[in-house]
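> this is a predicted model, with the sequence first.
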Amino acid sequence: MTRYAIVADLNRCVGCQTCTAACKHANATAPGVQWRKVLDFETGEYPDVSRAFVPVGCMHCETPSCMDVCPSTATGQRADGIVTIDYDICIGCAYCAVACPYQARYRVDEPSAAYGVGKTMRHEAAREDPARLGVAQKCTMCVDVIDAGVAKGLVPGVDMGATPVCVASCIAGALHMGDLDDPDSNVSQLLREKRHFRMHEEMGNGPGFIYLYDGEIADMTPIDPAPMVADPVGLAAVSPKPQTSWDWRAAANFMAGGAGTGLFAATMLAGLFAPVIWGAAFAALALVGAGLFCVLLEIGRRWRFLNVFRNARTSWMTREAMMAVPFFAFGGLSWLTGWVVLGWLGALFGLAFLYCQARILRAAKGIPAWRKPELVPLIVSTGLAEGTGLLGVVVATTTATGVPGLGMALAALVAARFVLWKRYRRALGKTGAPVQTFRVLDGPRSGLIGAGQAAILALAGYAMLGLPLQGLALVLAGLAAAGTGWLFKYTLITRAAMNQGFAVERMPARGAGESAPGIKPGWTTA
Amino acid sequence: MHTPGNTVSKTVSSYCYQCVAGPDLMKVDTLDGVPVQVRPNGTAAAVHPAHGKVCVKAFGLIQKTNNPHRVLTPMIRSNPRKGRGEDPGFRPATWDEALELICGKLNQAQARGKMDDSGFPRVAASFGGGGTPTVYMGTFPAFLSAWGPVDMSFGSGQGVKCYHSEHLYGELWHRAFTVSPDTPLVEMVISFGANVEASGGVCGVRRHADARDRGIRRVQVEPHLSVTGACSAEWVPIRPKTDPAFMFALVHVLLHEAGRKRLDLPFLKAMTSSPYLVAPNGFYLRDPATKKPLVWDLGEGRAVPFDAKGIDPALEGEFAVAGVEVGPDDVEWVHDGIPCRPAFAHLVDHVRPYSPEWAAEICDVKAEVIRKTALDFLDHAHVGETTEVNGKEMPFRPVAISLGKTVCNGWGGYECVWARTVMAVLIGGLEVPGGTLGTTVRLNRPADNRWSSVVPGPDGFMNYPMNPTKKGEWQEVPTSRHAHQTLVPLAANSPWSQALGPTHLAWMAQKKGFEHLPKPTPPDVWFVYRTNPVISFWDTGAVGEAIANFPFTVCFAYTHDETNHMADVLLPECTDLEGLQLIRIGGSKYVEQFWDHQGFALRDPAAKPMGEAKDFTWIATQLAKGTGLLGDYNMAINKGAAGVRLFGKGFDFSLEPEVEHSVEGIWDASCRAASAELTEGAESQGLDYYREHGFRMIPFPRERWYLYPAMIEQGLRFELPYQERLLRIGQELGARLHEKGITWWDRQLREYEALPHYQDLQGLWEHAQEAAYNVKIEDYPFWLLTTRSMQYSWGGNAGLQMIHEIASNVAGHGGVMMNPEAARRLGLEEGDLVEIASPIAETKGAVILRQGIRPDTLLMIGQFDHWKTPFAKDLKTPSMNALTPMSLELTDATGSGADLVRVSVRKLGVGA
């Protein structure tokens, strides 16, 4: 077998960005898009300071989280380990971008030029590639060069004509590429000779990008995890940043989809005790539909949206879409016909849809606030709480029957949601997350702060008691439960969604110098 | 998957020589006639020291070529008023019109005499990039040669932003216009601010990466943690401009704390001036008959001429001897039985006070760090060991000291280059494998051959083309506006000498002339190419005002910029990827370019010129034709003014003198001559061959990296550690100047010491600033420094978006770097907008916090503050150039200053 990988010798790298420039040339990437770039890290405090330059890009992982999440199967992996993107089927949902812990993926929606579109240069015009607009793009490992070279009998990583341009152009001889499965290859030999690490090893992706940091392979002292430094000086460029792939439109899908499926399920459940409120069921369908419409607005290639159904095997986005179909079918038919059985089927698929939404976030490994297992029940519970809250509003303002029961259900769900929120927050604090994630989640606009949830509980509890103004209490509690849930999810998807950032496990030994501890900048536990 | 780069319709060979650390070889891919991609030249991997790679700047050439902001037709100024606030009113013109205008001015100058009433050339030229424009200006040097006197004294950075003391003293001592460790062999380098990973080119980067892989110990001594500091085993954050104290302490440790036997005593005795006896007035005691310096022969117990055979000269001790001492202007003192000591003993005494403890306080570096650095140096020196290079046995001394800009220019430069070279000779590590090497010569001749430049001079040393200082020989009336031959003996008088004179004096004189020098005049015609002194020099406001007063300026213009804003004519020349030229490559060149091959490389146009841009060779030919100099111009080309002599033993491809030759015809002849030169006349392939192959090389023997064999062959010594010759010419120069009434150069005369003393450089700067501007130095609490960036240095590429984009990945670009503790004291945070002010100007920029900088130091990378250059003017990037005064008091004896100024910081706004 062949497993191509890139090895970066941090002792040799000088951060010159020649690889960055060569990559931009070879691949004609748009201004601001850098499939390959070199980061500038600094650790320590004056005067004991270390500085290192760390090339990054697509890591061509063994188990690429970007590929698993891709709903269209546009992202693939060749037998030689190279992770590819088929621009012709990618829908531009950017799920891969939030699933990548290495911030390697870009999406460019409009033609751009270095000096502005009105001043497009002739080489830019000559190399415009409309196929790359609105879809995911990243380092290809210059697969065309490799394949063409191999076809000529050249050896990737050895012969310049079969080697990725970043490696071929590296002036320091810091970048190497070769076959990890060949024990005699250049990269295998380097890994035998020098101590090395892989970035974010704990993520489990098995990145095919390995960093050499010390020549003393004989010293097998295990590497300590890179220490988290909450507020590092001058490392903004490598610290976690807000993800920019999913904005309010994606958040709207989680808000409306969760509340809608929750509402539908609550409506059908309430139908066991009273006539089904079909208007609420319709509103639920409309909410979910509106959320999905927002997603449609978000994706880069809208007319390819049907490609979302291509990867049921691993993608929770595909599964979400697949659950949406019977949800709308059964739910819609039940609303049209009034057949409760169909409504129950719709509710079941709706709950599955809600679960898929939670798993979508869980699978987005590039966002520390999303990938926690503890987020799944929280997302499900808040969807149910929101839906129940909205049903309470409908009931209290229309039939006014069953208010105490709905109050009880809402109180239970809000309480459960709060417990699950605390559980999630504790888990996040234990493993750590970007500082800004904690600042946002713990801030007054995070949605699920204790005082607010206590007030909802009090109102819902009041509604349970059958006292005057119970309807008003339920309306207020329901609106607040839905509103705070939405606020939480909006916050989670947008403002708290810092990406992974970059880290170095060890600073390199330079020449006769010594290796120093690495750094995980912008992270903390709390 | 799409990889657009693979659809290539044509590939041409070219070179990148944008910076002094080149040239490097590359390929350029085109698509339907459009250059789209730069690549390394894989076929050059076997001959190029960096395996056929080019650095990041080369990749900017695609945007440079296709830049929408290019000037694409000749343009003529319509507004006679010049200045930053004036709209030049450039109007497009035809080439005929532009050339007619320029040639008319040149012909007027010819008619009036090529020298003006002050005795200065009527034509001046300024080129940037440390001489690299030559490899892009085709046959323009032949035109200048045909013209005759041209004033090159208006600097664009040379003298103020170069390694000035290294250039001048380096060439004197070991034919070292620039100095490099023998990186492939070196084990330890002490680097004082040398930023080789940013400015050493691909060869420097590759060689040092290989050295790190080998386990080299490099100690980087500098106030901020540069890219090179990052790549070093150790960073020593020294107080700015106190490097001489650190280096003197290194010498002290070797001479006063390490045993004598650890030094290379045989080398000191046989290869240096160490044993020469010094007489009471500070000059060598000489044999009365031959005037040869005397040494004390321990074997015979008597003084003998230094070159007597079979002697064992003393390095220390005091001896009663007789002889003659020759001082300035050949004054002689006859001595009989006076006590004399060898130069080495004087050196030992001289550095006695300079202990690590003494230096520690000055440098803000612990004494044990200095001491350990010195002893490590000694430990790695391998004194006594030898190695073989191509069958020749030579000393092996794998230690070296590198010096950076600001360390080796301006005051203190002499002390630093002297101490560095003394450290090398103490362990016998000068010009030997592993040690401290010169790279190329520019002041000595021939310029393409270090070994051939080694010719015997006085007292057993190499000859040096010093500008004369003796009465009757001294150039009393300068022929350049900065008076380099009058003021700077070491500047010599080669074609490069003007660029190595006190270039800021030329600008200062335009504002106020210097007493007893001819009245300063602007040049009648000023040519400008690949330089932008209005942003790249110091006190840029004053430089801009001077340029605005020049009557006729011709700028070879790529885009509009701050300097050509003042021009009368803009000429669009073919840029790097459009022009045709053959250059000499290989051998040993600047910085770290040590090749095992030598030959020629072609810059083959990758694309037709954009717009009306013309090949520089065509422009030069038209200027020669229009000024009636075609014959002289062609003759100059024939003699090698365009890089290769067209005739030689067994070949003659000379151009017919009075004929206008085509661009391709000229370079075809050059290619044929190059082939013939490399094959000793056996072959004569022309342009087609070079277009197909890109370059042609023959072996360059590695022993020629080292001067040692040439010195041994001629029985010569290195003129170290004692500077008797400099002491003499300094006194002569002082006498000449005083005879003329010039006393404003007296401070500079103090540099002419046989053994340099430490001077308080920080105090010197502080005092100069206080005295000149009537300010309190406490109001300017920070030292402002600059550093080079690989992305920007020398490239003239501040207007390229891609360069800006990728340079942003490297910390420090785009703002002012400061220590977080210093920022905290001022209430500043990352990104805050601040005003940085010196007494003469202010600049603005965003705060960039890094731990790797001293709290008393600020850093601004590169040269910015553009206000006209497209794209660059919108970057809002601060630059120290406007803040740095041009000051006679801060000008050293070689005529250079240093990038150093005290500044204040004031918060203007909160960061985004």
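Looks like it came in fine. Residues are numbered from 1 along each chain as shown, chains lettered A, B, ... in the order given.
> which one's the longest helix in chain A?
Longest helix in chain A, counting residues (DSSP state H): helix A:403-431.
> ugh, wrong one, chain B
Across chain B, the longest stretch assigned as helix under DSSP H is helix B:95-112.
> following that one, which helix or strand comes up?
strand B:123-127 (DSSP states H and E).
> just the mean pLDDT for the helix or strand that that following strand is followed by, thanks.
Sequence-wise, the next helix or strand downstream of strand B:123-127 (DSSP H and E) is helix B:140-147. Averaged over helix B:140-147, pLDDT sits at 98.
> list the contacts of helix B:140-147.
Contacts to helix B:140-147, defined as Cβ atoms under 8 Å, 6 or more residues apart in numbering or on different chains, come from residues B:106, B:114, B:123, B:125, B:134, B:150, B:529, B:616-617, B:619-621, B:623-624, B:627, B:629, B:632-637, B:641-642. Yep, even glycine has a C-beta here, placed from its N, CA and C like the rest.
> now do the domain split for chain A, please.
If you go by automatic domain parsing, the domain ranges for chain A are A:4-240+A:503-524, A:248-495.
> nearest to chain A: which residue in the stretch 551-700 of chain B?
Using Cβ to the nearest Cβ, the single residue of the stretch 551-700 of chain B nearest to chain A is B:Met610, 8.7 Å away.
> quick check: that residue is in a strand.
No: going by DSSP: H, G, I helix; E, B strand; the rest coil, the assignment for B:Met610 is coil, not a strand.
> hmm, it is touching B:Asn66, no?
Yes: in terms of Cβ atoms under 8 Å, B:Met610 counts as a neighbour of B:Asn66; the distance is 7.3 Å.
> which of these two has more neighbours?
Remark: of B:Met610 and B:Asn66, B:Asn66 carries more neighbours, 24 against 18, as counted by other Cβ atoms under 10 Å in any protein chain shown.
> got a list of what that one touches?
So B:Asn66 contacts A:121-124, B:34-35, B:610 (Cβ under 8 Å, 6+ apart).
> so which of those wins on neighbours?
B:Pro35 (26 neighbours).
> per-residue confidence at the nearest residue to A:Met141 once chain neighbours are set aside?
Ranked by Cβ to Cβ, 6 or more residues apart in numbering or on different chains and with sequence neighbours excluded, the top spatial neighbour of A:Met141 is A:Ile82, at 4.9 Å. We have a pLDDT of 98 for A:Ile82.
> isn't A:Ile82 right next to A:Tyr4, touching?
Yes: at 5.9 Å, A:Ile82 counts as touching A:Tyr4 under the criterion of Cβ under 8 Å.
> so what sits against both of these two?
Overlap of the contact sets of A:Ile82 and A:Tyr4 (by Cβ under 8 Å, 6+ apart) consists of A:60, A:141, A:146.
> now do the strands for the stretch 201-350 of chain A: every range, in order, please.
Along the stretch 201-350 of chain A, the stretches classed as strands by DSSP state E, counting those that start in this stretch are A:209-214, A:228-229.
> the most centrally placed residue in chain A: what's it in contact with?
In chain A, the centroid-proximal residue (Cα atoms, centre = their mean) is A:Val98; its distance is 2.6 Å. Shown in contact with A:Val98 (Cβ under 8 Å, 6+ apart): A:243, A:245-246, A:364, A:366-367, A:370, A:497, A:499.
> again, only this time at 6 Å
By Cβ atoms under 6 Å, 6 or more residues apart in numbering or on different chains, the contact set of A:Val98 is A:243, A:245, A:364, A:366-367.
> return the residues in contact with the closest residue to it other than its chain neighbours.
Spatial nearest neighbour of A:Val98, chain neighbours left out: A:Ala364 (4.4 Å); criterion: Cβ to Cβ, 6+ apart. By Cβ under 6 Å, 6+ apart, the contact set of A:Ala364 is A:98-99, A:370.
> how close does A:Ala364 sit to A:Pro71?
Going from A:Ala364 to A:Pro71 by Cβ to Cβ, to the nearest Å gives 13 Å.
> repeat for A:Gln357
From A:Gln357 across to A:Pro71, the span is 13 Å (Cβ to Cβ).
> hang on, the earlier thing: narrow the shared contacts of A:Ile82 and A:Tyr4 to those in helices?
Going by DSSP H, the helices hold A:Ile146 from these.
> pick the one among the shared contacts of A:Ile82 and A:Tyr4 closest to A:Gly387.
A:His60 (42.0 Å; Cβ to Cβ).
> test my guess that that closest one contacts A:Val83.
Yes: the pair A:His60 / A:Val83 is scored as a contact, 4.9 Å apart, by Cβ atoms under 6 Å.
> of those two, who's got more company?
Just comparing A:His60 and A:Val83: by other Cβ under 10 Å the higher neighbour count belongs to A:His60, 28 against 25.
> backbone dihedrals for the residue lying closest to A:Cys23 once chain neighbours are set aside, please?
Distances taken as Cβ to Cβ, 6+ apart place A:Arg36 nearest to A:Cys23, at 4.0 Å, with adjacent residues excluded. Main-chain dihedrals, A:Arg36, degrees, to the nearest 10: phi -120, psi 140.
> and A:Arg36, bridged to which residues?
Counting by DSSP bridges, A:Arg36 is bridged to A:Gly57.
> who in the stretch 201-350 of chain A is up against chain B?
Contact residues, the stretch 201-350 of chain A versus chain B (Cβ under 6 Å from any Cβ of the partner chain): A:233-234.
> for residue 358, what is the enclosing helix or strand?
All of this is about chain A. Taking DSSP H and E as the definition, A:Ala358 sits inside helix A:340-363.
> ah, no, chain B please
In the assignment (DSSP H and E), B:Trp358 maps to helix B:356-363.
> any idea how far B:Ser789 is from B:Asn797?
Distance of B:Ser789 to B:Asn797, given as Cβ to Cβ: 11 Å.
> now A:Val33
Distance from A:Val33 to B:Asn797, by Cβ to Cβ: 20 Å.
> which one of those two has more residues nearby?
Comparing A:Val33 with B:Asn797 by other Cβ under 10 Å, the one with more neighbours is B:Asn797, at 23 against 19.
> the more buried one contacts B:Ile803, doesn't it?
Yes: with contact defined as Cβ under 6 Å, B:Asn797 reaches B:Ile803; the gap is 4.8 Å.
> quick one: stretch B:809-827 near chain A?
Yes: using Cβ under 6 Å from any Cβ, stretch B:809-827 reaches chain A at B:809-811, B:819-820.
> and the end-to-end length of that stretch?
One end of stretch B:809-827 sits 26 Å from the other (Cα to Cα, to the nearest Å).
> how about residue 401, what does it touch?
In the absence of a named chain, this looks at chain A. With Cβ under 6 Å, 6+ apart, A:Thr401 has these contacts: A:Ala274.
> hm, I was asking about chain B
Counting by Cβ under 6 Å, 6+ apart, B:Ile401 touches B:190, B:420, B:423.
> now B:Glu612, nearest residue through space, not along the chain?
B:Thr73 (4.5 Å).
> could you do A:Ala162 as well?
Spatial nearest neighbour of A:Ala162, chain neighbours left out: A:Gly149 (2.2 Å); criterion: Cβ to Cβ, 6+ apart.
> got the CA positions of whichever strand or helix holds the one you found in CSV?
Applying DSSP H and E as the criterion places A:Gly149 in helix A:143-151. What follows is helix A:143-151 as a C-alpha-only set of coordinates in CSV (Å, rounded to 0.1, in the frame of the first residue of the first chain):
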residue,chain,number,x,y,z
VAL,A,143,-2.4,15.3,-6.8
ASP,A,144,-2.3,16.0,-10.5
VAL,A,145,1.5,16.6,-10.3
ILE,A,146,1.9,13.4,-8.3
ASP,A,147,-0.1,11.3,-10.7
ALA,A,148,1.5,12.8,-13.8
GLY,A,149,4.9,12.2,-12.2
VAL,A,150,4.2,8.7,-11.2
ALA,A,151,2.9,8.0,-14.7
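> right, I'll call it a day here.
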